[in-house]
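A.B. asks: The sequence and its predicted three-dimensional model are supplied below.
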Amino acid sequence: MTDIHDGAFCPVFHHAIELIGKRWTGVILHAILAGCTRYADIRDAVPGLSDTMLGERLRELEGEGLLTRHVSDRPPIRVDYRLTPKGEALQDAISAISSWADRWVEEPEPKPKLEPAKPGRARGGVAGVSARTARQRTRSSPAGS
């Protein structure tokens with residue numbers, strides 16, 4: 001491993017940081033380290049995480065050798081995810097990041113929820129007509145009509 005003070009780029013460190021720093025990966029690992037082993041439990045522990053993204057990240061973590069997927073061999077079918085020793089070794093790193101975040105990172109402001117557009121209405125205008133087109137029509141129409 002290269003000493004951090006010599007300024008040399010370390011591809012191993014870069015790969016590790018990109019792996020655990022990828023969107024959703026850190027919180028998925030945090031949830032699994034906290035005891036969530038089933039797909040639905042992991043999804044429920046991470047607000048805003050879609051099924052598609054969770055599936056993708058779990059496959060990536062499995063491909064990297066950080067977790068294994070266990071499917072029960074009899075009904076009801078149950079899928080569990082378990083960390084490998086390589087994945088469990090991230091416990092200290094994830095805990096350190098969590099402690100750092102508790103101390104130094106402010107809670108993000110909640111994002112405003114967008115209201116769905118009303119059916120048949122274009123934003124800011126008449127159904128199927130942009131606001132600009134509606135203004136142009138109003139200006140060019142004869143008075144009193």
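C.D. replies: All right, it came through fine.
A.B. asks: mind checking pLDDT for the spatially most central residue of the chain?
C.D. replies: Among the residues of the chain, the one closest to the centroid is Trp24, at 3.8 Å (Cα atoms, centre = their mean). Here, the pLDDT recorded for Trp24 equals 96.
A.B. asks: got the contact list for Val27?
C.D. replies: The contact partners of Val27, by Cβ atoms under 8 Å, 6 or more residues apart in numbering, come to Ala45, Val46, Leu49. C-beta: built from backbone N, CA, C; applies to glycine.
A.B. asks: Any of those buried? List them.
C.D. replies: Among the contacts of Val27, those classed as buried by 16 or more other Cβ atoms under 10 Å are Ala45, Val46, Leu49.
A.B. asks: State the helix or strand in which the residue nearest to His70 when sequence neighbours are not counted lies.
C.D. replies: Distance criterion Cβ to Cβ, 6 or more residues apart in numbering; nearest residue to His70, sequence neighbours excluded, is Asp80 at 4.7 Å. Element membership for Asp80 (DSSP states H and E) is strand 79-83.
A.B. asks: packing partners for that strand?
C.D. replies: Helices and strands touching strand 79-83, by 3 or more Cβ pairs under 8 Å, 6 or more residues apart in numbering; DSSP states H and E, are helix 25-33, helix 39-45, strand 67-71.
A.B. asks: Just name the most buried of the ones you listed.
C.D. replies: Comparing the helices and strands packed on strand 79-83 by mean neighbour count (mean count of other Cβ atoms under 10 Å), helix 25-33 comes out on top with a mean of 21.
A.B. asks: Can you show me the CA trace of that one as PDB?
C.D. replies: Provided in PDB are the C-alpha atoms of helix 25-33 (Å, rounded to 0.1, in the frame of the first residue of the first chain):
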ATOM      1  CA  THR A  25     -24.300   1.000  -1.200                       C
ATOM      2  CA  GLY A  26     -23.100   2.400   2.100                       C
ATOM      3  CA  VAL A  27     -26.600   2.500   3.600                       C
ATOM      4  CA  ILE A  28     -27.400  -1.000   2.300                       C
ATOM      5  CA  LEU A  29     -24.200  -2.200   4.000                       C
ATOM      6  CA  HIS A  30     -25.200  -0.300   7.100                       C
ATOM      7  CA  ALA A  31     -28.600  -2.000   7.100                       C
ATOM      8  CA  ILE A  32     -27.100  -5.400   6.700                       C
ATOM      9  CA  LEU A  33     -24.600  -4.800   9.400                       C
END
